[in-house]
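Student: structure for this input, please:
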Amino acid sequence: MIFVFYFFAAILVLLSVKSLLGGIEYLRFFETELAKPRSEFTPFVTVIAPCRGLDPEIDVNLKALFELDYPAYEIIFVVDDAGDPAVAVINEVLNRRDAGTLRETKQATGESFSLTSASQRLSGKHERAKLVIANKAKTCSQKVENLREAVLHASQDSKAFAFVDSDARPSSEWLRSLIAPLANENVGAATGYRWFIAKKPGLASELRSAWNASIATALGPNTKSNFCWGGSMAIRRDTFDRLNMRDRWVGTLSDDFAVTRAMNEAELPIVFVPRALTASVEDCTFAQMLEFTTRQMKITRVYATQLWVLSYFGATLFNVVMIAALLIAILNQPNSVPFYIAVATLLIVIICSTGKAWLRLTAVKLALPQHHKALKKQFFLQNTLWIVTPAIFLYNCVAASLSRRMTWRGTVYELKSPTETVIIAD
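Tutor: Below is the predicted model:
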């Protein structure tokens, strides 16, 4: 039996060393990309922001979309119900923007103040921002239905679509950076990712952040293994149309997995953009943390089964080997071979995992300097909670193997297949 432990301990050690090397590559990639001069490729872009319900500080998140360092773009907010609480926030943000623009105009020209004239001035050739009401979803997730509706309202002058979630807070450089890789017509999509930052740091919120962080390092310079994240994603309009992406979304729950699959089938690269990393500033309870992480793994099981299997294996391997190594170290004599191997296994995995977490957080600090203070507070927990997240992954994988049903933004879905989604209750 001890030789079985040696075998699997060796596998975990090798994977841990490989993970640490990947962390070094991750940081170097961030340093290289962030050192590049800012792009001057700035075609007219349609930014699409699907909303449902009230995310924490949603007004701050939506306001950030009007402060992007980009010369010409439009914003389409899309909901599925005119009575959605998000509508009031969207209208408030739009009215504030209109009033602010008109005040600037008044100061420059001496014109009288009028909200109506402000709206007319903003619309001009391109509407600066508008709200679209989508139909209720019947065969896909509501978010996907919202996106399918929103693209129909894009300006004819729009050369690319950029998608952003309502719980994401993009920096001023977000859009310019995300669009930059699309200057190459052979690029399929550009993507960022999210980083959770708690408003009031708590264990559940930090566990979710550490869990999510481990996925963030799966993105990097390898465009063939990258995946799209729908909360920060851009696609050239001609590529979107050529791949018939709107129709490909029919029946799907996950917008980004569907885009990733389409890009892989077309053999088009997916470029990860460190500057397109966005912060999600919100807290969560333990129940919300488990609901979020399990939902992600249920989606992964259906849309990327091989990745789910690998996650299942990795989480099981880590938990079993680490617990076994600890027990062997406790129960065996200090001068025995099993003791030394168990202790060596524990030390190597701890050093590699802590190093990987430190490298990852260092890279994220470079990409999100505006959140440096909050990220600095994450130092201790990001460098220690990696010991717990594999147990959460294992729970998620087991839950995903038992059920394909999930609740997302108040709607209960059943995932039948990558192209068949059943709405159970709304």
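Student: would you map the strands across the stretch 101-250 of the chain?
Tutor: Ranges of strands within the stretch 101-250 of the chain are 129-133, 160-164, 189-191, 194-197, 232-236, based on DSSP state E, counting those that start in this stretch.
Student: with just CA atoms, put the second one into CSV.
Tutor: What that stands for is strand 160-164. As requested, the backbone C-alpha atoms of strand 160-164 are provided in CSV (Å, rounded to 0.1, in the frame of the first residue of the first chain):
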residue,chain,number,x,y,z
ALA,A,160,-16.5,44.7,-33.2
PHE,A,161,-18.6,43.5,-30.2
ALA,A,162,-17.2,43.8,-26.7
PHE,A,163,-19.1,42.0,-23.9
VAL,A,164,-19.0,42.9,-20.3
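Student: contacts for that strand, please.
Tutor: 43, 45-50, 65, 73, 147, 151, 154, 170, 174-175, 178-179, 182, 230-237, 240, 255, 278 (CB atoms under 8 Å, 6 or more residues apart in numbering). All C-beta spots, glycine's among them, are computed from the backbone N, C-alpha and C.
Student: try 6 Å
Tutor: Residues outside strand 160-164 that contact it (CB atoms under 6 Å, 6 or more residues apart in numbering) are 45-49, 175, 178-179, 182, 230, 233-237, 240.
Student: got it, and the shortest one?
Tutor: Under the contact criterion CB under 6 Å, 6+ apart, strand 189-191 has outside partners 178, 181-182, 228-229, 233-235, 263, 270-273.
Student: so which residues of the stretch 51-200 of the chain form helices?
Tutor: When assigned using DSSP state H, counting those that start in this stretch, the helices of the stretch 51-200 of the chain occupy the ranges 58-64, 85-109, 115-123, 142-150, 174-179.
Student: go on, the stretch 201-350 of the chain?
Tutor: Secondary structure of the stretch 201-350 of the chain (DSSP H, counting those that start in this stretch): helices located at 203-216, 237-242, 245-248, 255-265, 286-303, 305-331, 337-367.
Student: what are the buried residues along the third one?
Tutor: Spelled out, that is helix 245-248. Within helix 245-248, the residues that count as buried by 16 or more other CB atoms under 10 Å are M245, R248.
Student: distance between that helix and the chain's centre?
Tutor: 21 Å (CA atoms, centre = their mean, to the nearest Å).
Student: among the helices of the stretch 51-200 of the chain, show the one with the smallest mean pLDDT.
Tutor: Lowest mean pLDDT within these: helix 115-123, a mean of 34.
Student: residue furthest from the geometric center of the chain?
Tutor: The C-alpha centroid of the chain is most remote from N335, which lies 47.8 Å away (CA atoms, centre = their mean).
Student: mind checking pLDDT for that one?
Tutor: Note for N335: predicted pLDDT of 86.
Student: please renumber so the chain begins at 185
Tutor: New numbering, starting at 185: the last item is N519.
Student: ok, P221 to S361 distance?
Tutor: Applying CB to CB, to the nearest Å, the value for P221 to S361 is 11 Å.
Student: these two - which one has more neighbours?
Tutor: When neighbours are counted by other CB atoms under 10 Å, P221 and S361 differ, and S361 comes out ahead with 28 against 5.
Student: pLDDT below threshold where in the chain?
Tutor: Low-confidence segments of the chain, defined by pLDDT under 70: 282-311.
Student: and the longest helix anywhere in it, which residues are buried?
Tutor: The residue-count maximum for a helix in the chain (DSSP state H) belongs to helix 186-218. Within helix 186-218, the residues scored as buried using 16+ other CB under 10 Å are 189, 192-193, 196-197, 200, 203-204, 206-207, 210-211, 213-214, 217.
Student: thinking again about what came up before, quick one: which of the contacts of strand 344-348 is most hemmed in?
Tutor: Greatest neighbour count in these, by other CB under 10 Å, goes to L362: 31 neighbours.
Student: mind checking how far it is from D253?
Tutor: According to CB to CB, L362 stands 12 Å off from D253.
Student: residues contacting I399?
Tutor: Applying CB under 6 Å, 6+ apart, we find I399 in contact with no residue.
Student: distance check, it against V197.
Tutor: For I399, the distance to V197 - CB to CB - is 22 Å.
Student: now swap in D264 and tell me
Tutor: 50 Å.
Student: can you check A270 too?
Tutor: A270 is 48 Å from V197, where distance means CB to CB.
Student: next one: N428
Tutor: According to CB to CB, N428 and V197 sit 46 Å apart.
Student: next one: A233
Tutor: Counting by CB to CB, the gap from A233 to V197 is 45 Å.
Student: quick one, phi psi at N519?
Tutor: Main-chain dihedrals, N519, degrees, to the nearest 10: phi -100, psi 10.
Student: if you could redo that for L599, that was the one I meant.
Tutor: Phi and psi for L599, reported as degrees, to the nearest 10, are phi -90, psi 110.
Student: who does it bridge with?
Tutor: Assessed by DSSP bridges, L599 has beta-bridge partners T605.
Student: mind listing what it touches?
Tutor: Contact partners of L599, counting by CB under 6 Å, 6+ apart, are L437, V486, R588.
Student: do F225 as well
Tutor: A364, A367.
Student: and stretch 354-368, how far out from the chain's middle?
Tutor: Mean-position distance between stretch 354-368 and its chain equals 16 Å (CA atoms, centre = their mean).
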